[in-house]
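> sequence-free structure coming up:
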């Protein structure tokens, strides 16, 4: 079969999501020739569910968080039958930032030193302060709403915009935290509270994850990618890479992929940057076997796919009879958070900790499908919840364990015949104790806020948004896959920039840390790897 | 989707049991949601065959009298127990159709239509809400 060979580039970036887009922009700015190949299409903002009266149906179907439900042409199936937490992601230019809630808390300095401080997992080969300038740069590119002075976190640069208003319901929960003497702070978010870089301010329609055509919520297709294209980057959607190729010396030579017409093409490159998320990246590496990488690319340690981390989620919802306005008015999330129980406390029966994130009520169908029973009690239960519920989600640190992993499925494939990922994952004992503490504490807050009734969940399962740890960084090639710059131990021209490289997961949403790491990798290539520029 | 009179009656009975009438509003079976359910079940593979398979399951549970029998809450409960995954999908599609209906929206005070471009007004950010928490000393763990 003849394969079309593309013009060689300096750097091939695989994936245009949070990390791949950031690298594509940074390297293009430095004069590298960059091709960014994305398996999904461009998604026109006019197609977002919030622009349709049918939005409730759309978010249950082709805008569902799970690729196994959506089943769009760009999606690959994920066998998560053997995982307690189900995987969610989105495949398009912009990756899962098309579908995220844009909550952007940072890791704490202690998150990089858990072995030293707590005797668990591994330390990172870098510190919070190594990443700090890249967090700042990323905030500038994406646009951050928030405010300085949070006593739970190190001081940081001023945000680009003031916080999103927390509303009377947010103030009510905040007062409850104050009365308990517990920490809270307005959420840092990549959602515009004012107009920013040509994108409009949020008008608080509700479901942030369903996106809007105002551009109020940042995603990499409307932040990094347009800037990268202006600088000369070539972005090719609908390009499904199935193999990163390597020479006998072990170095990458490019990648084979199916183009938008289903034809096979080869993209030669001096370096390959992989940003396909913590599931897609190990899938790609494990599928890229060669004489020089018989166990899969960068897998001499056998750790590719191992140490999969999600965040563990649980939560409580309170129903209120005396609110001034319905709780579906305003952003569903990105309101306030609390890190009262973030750091390890020896008096508790678990290591590390969790963050509370406040949530609002939703529209009518999501409220009903969220647990309202059928039959004679249906209307009473619906009336108790609709517009009257506020929640506290518990997002817990999920310590790495090698038994939690991604493999290639032996039977299930995507539409091109490429093996699907199989997820083997169970919630660890430390996580269970952490979540139990979190749920009890959440109930305490909601009681203090005056909820008339509280319900809770000990483990939320459809919450595998944060995909981490499956090609972790470290100094020892026997205990890690890439070094502190995301550079492969086994191939010095392969870089990984997504959540795969995380050593630990912390207890916050990972995207700003993923993007900061990606910008740091790009900076390394810019300044230390001029040999990759033709 | 099955469209015989008996199937339609059975489906309407089932829908009314899932979401009964309330105040002056008919139950889900009396709102003529069949067309909307048909659209949803053909528009995305998630719901393909859900209604038909549910009707088949209930018909089987009704036994020899089949479609001529009255569906009861007990039969629905048996269906829920015997095939929870299918029942979950049925409930999801029925709830979504019912709570997308403008008559239902009117009753519950929800504004129909797209969420954009209107959004919701929010009172402006008021920094004084931070007065208490700002008094707290930094408590993050210092480490290099």
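Nice, I can see it. These numbers come from a predicted model, not from an experiment.
> which residues of the stretch 101-250 of chain A fall in helices?
Using DSSP state H, counting those that start in this stretch, the helices of the stretch 101-250 of chain A run over A:114-118, A:128-142, A:167-180, A:224-230.
> same list (those) but as JSON lines, adding mean neighbour count, distance to residue A:318 and mean pLDDT.
Heads up, the C-betas are built off the backbone N, CA and C, glycines and all. Shown next, in JSON lines, are those (neighbours: other CB atoms under 10 Å in any protein chain shown; distance: least, CB to CB, whole Å; pLDDT from 0 to 100):
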{"stretch": "helix A:114-118", "mean neighbour count": "17", "distance to residue A:318": "32", "mean pLDDT": "98"}
{"stretch": "helix A:128-142", "mean neighbour count": "20", "distance to residue A:318": "32", "mean pLDDT": "98"}
{"stretch": "helix A:167-180", "mean neighbour count": "20", "distance to residue A:318": "9", "mean pLDDT": "97"}
{"stretch": "helix A:224-230", "mean neighbour count": "21", "distance to residue A:318": "39", "mean pLDDT": "98"}
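> can you name the residues that contact residue A:202?
Applying CB atoms under 8 Å, 6 or more residues apart in numbering or on different chains, we find residue A:202 in contact with A:164, A:191, A:192, A:193, A:214, A:216, A:217, A:331, B:119.
> now render those residues as CSV, adding pLDDT and distance to residue A:58.
Below are those laid out as CSV (pLDDT from 0 to 100; distance: CB to CB, whole Å):
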residue, pLDDT, distance to residue A:58
A:164, 96, 24
A:191, 97, 21
A:192, 97, 23
A:193, 97, 27
A:214, 96, 18
A:216, 97, 19
A:217, 97, 17
A:331, 93, 19
B:119, 93, 18
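> next, format the residues you listed as JSON lines and append distance to residue A:141 and neighbour count.
Formatted as JSON lines, the contacts of residue A:202 follow (distance: CB to CB, whole Å; neighbours: other CB atoms under 10 Å in any protein chain shown):
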{"residue": "A:164", "distance to residue A:141": "19", "neighbour count": "27"}
{"residue": "A:191", "distance to residue A:141": "14", "neighbour count": "29"}
{"residue": "A:192", "distance to residue A:141": "13", "neighbour count": "25"}
{"residue": "A:193", "distance to residue A:141": "17", "neighbour count": "24"}
{"residue": "A:214", "distance to residue A:141": "18", "neighbour count": "21"}
{"residue": "A:216", "distance to residue A:141": "16", "neighbour count": "28"}
{"residue": "A:217", "distance to residue A:141": "14", "neighbour count": "27"}
{"residue": "A:331", "distance to residue A:141": "21", "neighbour count": "30"}
{"residue": "B:119", "distance to residue A:141": "25", "neighbour count": "20"}
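> residue 104: neighbour count?
Picking chain A for this. 28 (other CB atoms under 10 Å in any protein chain shown).
> please refer instead to chain B.
Close neighbours of residue B:104, defined as other CB under 10 Å, add up to 22.
> taking the contacts of residue A:202 together, which two end up most distant?
Across those, the longest distance by CB to CB is 13.9 Å; it joins A:164 and A:214.
> of the helices of the stretch 101-250 of chain A, which is nearest chain B?
Of all the helices of the stretch 101-250 of chain A, helix A:167-180 sits nearest to chain B, with 4.3 Å by CB to the nearest CB.
> is that closest one anywhere near chain B?
Yes. Helix A:167-180 comes into contact with chain B (CB under 8 Å from any CB of the partner chain), by way of A:167, A:168, A:171, A:174, A:177, A:178.
> so in that sheet, which strands flank the lengthiest strand in chain A, and in what orientation?
When chain A is parsed with DSSP state E, its longest strand is strand A:264-274. Sheet pairing of strand A:264-274 (DSSP bridges) gives strand A:4-5 (parallel), strand A:9-14 (parallel), strand A:252-258 (antiparallel), strand A:494-496 (parallel).
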